[in-house]
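S.K.: Kindly generate the corresponding structure for this input.
(2 chains)
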Amino acid sequence: MSMKQYLVDIIGKSLQQFDLEEEPEIQIEDPRQPEHGDASSNIAMTLARPLKNNPRAIAQQIVDGLEYDEKKVSAVEIAGPGFINFRYSEEYLFDELSEILKTGAEFGKSDSHQGKRILVEFVSANPTGPLTVGHGRNAVLGDTVARLFEWTGADVEREYYFNDAGRQMRVLGESVRARYLELLGKDSEFPEGGYEGEYIRDIAQSLADDKGEELVDAEDEKPFKEKAEEEIFADISGTLERMKIKMDSFFNERSLYEDGKIEETIEKLRAKGLVYDEDGAVWFKTTEFGKEKDTVLVKSSGEPTYRLPDIAYHANKLDRGFDLCVDVFGADHIATYPDVLNGIKSLDYDPEKVDVVVYQFVTLVKDGKPFKMSTRKANFVTLDELMDEVGADVTRFFFLMRSPNTHLEFDIGQAKEAGEKNPVFYLQYAHARISSILRKVEEEYDFPEDVDLSLLTHPSEIALLKTMLKFPETIGNAARLREPHHVITFLNELASAFTTFYHDCRILGEEKELVQARTELAKAVAQVLRNGLGILGITAPEQM
RNA sequence: GCGCCCGUAGCUCAACUGGAUAGAGCAACGCCCUUCUAAGGCGUAGGUUACAGGUUCGACUCCUGUCGGGCGUACCA
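M.R.: Got it, this is the predicted structure:
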């Protein structure tokens, strides 16, 4: 049982002395100031109103009725307006340190999503060009949220959804055809709104190499489109792999048509009276759900809008038995979400099982000015280019360090000169330092089996230990909120606490028993750093 | 016009569910390498949390309004 759960339990027991109509929720928080103890509860303040008494008096009554294990809690104090502050006993802290070492690579895992099957759908870019830094935030966020779910016990599947049948891909095929003809010196007309990127020429070139003039009189853009899709997908897969992202499945929108799911979706909605025909188009009565206008599902041309397959796709996900389906997408797609929810709800699925992680746009800054990206116009910086410059670790870190809900400013110049001022190195450096020390300890010492951890008495040692203990809760919060940046904030705190310890306390050259105790402490820190960086998909180097 | 998101130190951003004295990094200034990695440390400076009200014992956090920015509001994806 976690310490916080223990505190909730003992406070709950003490509260039985009051005649409360309903059981209050007992909150335990981490005080910002060390003088305020290791854990704190505001319960007395929240009870002031129902009990019609002042908070400090209530706090006193709660503390008087509190029965606690002195092996866990060394002191309980009332402070400020009525906070009850707890201090952890050293015995508890040392037991926990042993626990971290024993649990090792598993330390930080929890069971809040135990037994749940979760599908995380992300990236989902149509194969019209290489992945850009614009896609990077989606890719890294989705993968890391998936990792967080895994750390909280879920069985996770990562899925990439794409559509190679739409207009985008036709234009892509036409663009390749034009470049192909151009290469062979034939007449060609570059399509309006075509893809202008250099990679189109590369694809055309490889077609010309393989097929010569065979395709000059091709009936349509199909062979060009297929070649483009193949090459671009190979490129995207390579980029994902470089970023340590491994998809479990690729889902093509087309299969929804082939299975008749699109038709089925419409018919089911029609049977419920939520779909009607007008002006040659098929409409979804979204006004029923409070929207201002109804929404077109099938255009008068007979082509569905993207909302229809979106609804059918989510129904398909739920048919596959997932307990939770999480979509990751940028703020520009937020408008589709209510339609999808209303759609699946109307099809009698539980909308609670669909959740979305929305992130704000990445603003690219180039030469000190904002820079609009467009795949079509070939204004972009690819993820591969970025990784060539700064590597995969920095790339992942960069996209994860900020809350998904805030605009992320990406300054290309700054990223390139990232070098030593990049914050990811601070974390890796702490790990490398510990590794180096551990190698030396290994060479120079031979320890007995028993360790006396109670030799760890320096404030920096205790502070470091306490910081490590927050790790499991941090992971739990990050998973619950789908916000990986909390892990980074924690790791920064941990690395900083270690660095303070490193400067205050030596390991090598002290009394042998102390060397041993501090070695155990350092091993634990390295372990927690590895676990945390592992969740972020960032390496923990042994030397730098 | 309407809807969603955002506005915190010079810059980029934190602040868990409403908690106690709003924190980091970068930039600036001053120190610290014969000692386990200086990709580091210590110190100084920097704030009316956009603005105005409200709710609360307590507001960066919740509510209302104003201003500023982003996105959406298609028979585009």
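
S.K.: phi, psi of A:Val120?
M.R.: Dihedral angles of A:Val120 (phi, psi; degrees, to the nearest 10) stand at phi -110, psi 120.

S.K.: pretty sure it is touching A:Gly142, no?
M.R.: Yes. The pair A:Val120 and A:Gly142 qualifies as a contact (Cβ atoms under 8 Å) at a distance of 5.6 Å. Heads up, the C-betas are built off the backbone N, CA and C, glycines and all.

S.K.: what sits in contact with each of the two?
M.R.: Here A:Val120 and A:Gly142 have A:158, A:328 as joint contacts, going by Cβ atoms under 8 Å, 6 or more residues apart in numbering.

S.K.: Run through the residues of the stretch 351-500 of chain A sitting next to RNA strand B.
M.R.: A:360-361, A:401-403, A:405-409, A:419-421, A:423, A:425-426, A:429, A:432-433, A:435-437, A:440, A:477, A:481, A:483, A:485-486, A:489, A:492, A:496, A:499-500 (Cβ under 7 Å from any atom of the strand).

S.K.: Number of residues surrounding the closest residue to A:Leu274 other than its chain neighbours?
M.R.: In space, and not counting its chain neighbours, A:Leu274 is closest to A:Lys285: 4.9 Å by Cβ to Cβ, 6 or more residues apart in numbering. A:Lys285: 17 surrounding residues under other Cβ atoms under 10 Å.

S.K.: Hmm, A:Lys285 is touching A:Tyr276, no?
M.R.: Yes. Under the criterion of Cβ under 8 Å, A:Lys285 makes contact with A:Tyr276 at 6.9 Å.

S.K.: residues making contact with the host helix or strand of A:Tyr160?
M.R.: Secondary structure assignment for A:Tyr160, by DSSP states H and E: strand A:155-162. Contact partners of strand A:155-162, identified using Cβ under 8 Å, 6+ apart, comprise A:115-127, A:142-143, A:146, A:149-150, A:245-253, A:313, A:322.

S.K.: Please tell me how far A:Val390 sits from RNA strand B.
M.R.: According to Cβ to the nearest atom of the strand, to the nearest Å, A:Val390 and RNA strand B sit 11 Å apart.

S.K.: so what secondary structure elements neighbour the helix or strand hosting A:Asp9?
M.R.: In the assignment (DSSP H and E), A:Asp9 maps to helix A:3-15. For helix A:3-15, the packing partners by 3 or more Cβ pairs under 8 Å, 6 or more residues apart in numbering; DSSP states H and E come out as strand A:28-29, strand A:39-41, helix A:55-64, strand A:83-88.

S.K.: Name the helix or strand of chain A that has the lowest mean pLDDT.
M.R.: Least confident helix or strand of chain A, by mean pLDDT, DSSP states H and E, is helix A:412-416 with a mean of 69.

S.K.: pull the longest helix from chain A.
M.R.: helix A:512-536 (DSSP state H).

S.K.: and that one, which residues are buried?
M.R.: Within helix A:512-536, the residues scored as buried using 16 or more other Cβ atoms under 10 Å are A:514-533, A:535-536.

S.K.: ok, so what distance separates A:Arg254 from RNA strand B?
M.R.: According to Cβ to the nearest atom of the strand, A:Arg254 stands 12 Å off from RNA strand B.

S.K.: Report how many residues lie close to that residue.
M.R.: There are 14 residues near A:Arg254, going by other Cβ under 10 Å.

S.K.: And for A:Glu22?
M.R.: A:Glu22: 6 neighbours (other Cβ under 10 Å).

S.K.: Can you report phi and psi for it?
M.R.: According to degrees, to the nearest 10, A:Glu22 has phi -130, psi 150.

S.K.: Also A:Phe329?
M.R.: Dihedral angles (degrees, to the nearest 10) for A:Phe329: phi -150, psi 160.

S.K.: what's the answer for A:Glu67, then?
M.R.: Here A:Glu67 shows phi and psi, under degrees, to the nearest 10, equal to phi -110, psi 120.

S.K.: Report the rounded mean pLDDT for stretch A:284-296.
M.R.: What stretch A:284-296 shows for mean pLDDT is 88.

S.K.: Give me the distance between the two termini of it.
M.R.: End-to-end distance of stretch A:284-296 (Cα to Cα, to the nearest Å): 6 Å.

S.K.: quick one: stretch A:272-287 near RNA strand B?
M.R.: Yes. Using Cβ under 7 Å from any atom of the strand, stretch A:272-287 reaches RNA strand B at A:278-281.

S.K.: buried stuff in that stretch?
M.R.: Buried-residue list, stretch A:272-287, by 16+ other Cβ under 10 Å: A:274-275, A:281-286.

S.K.: Could you do stretch A:452-472 as well?
M.R.: Quick answer for stretch A:452-472 (16+ other Cβ under 10 Å): A:453, A:455-456, A:460-462, A:464-469, A:471-472.

S.K.: now, among these, which is nearest to RNA strand B?
M.R.: Set against RNA strand B, the nearest of those by Cβ to the nearest atom of the strand is A:Ser460 (9.8 Å).
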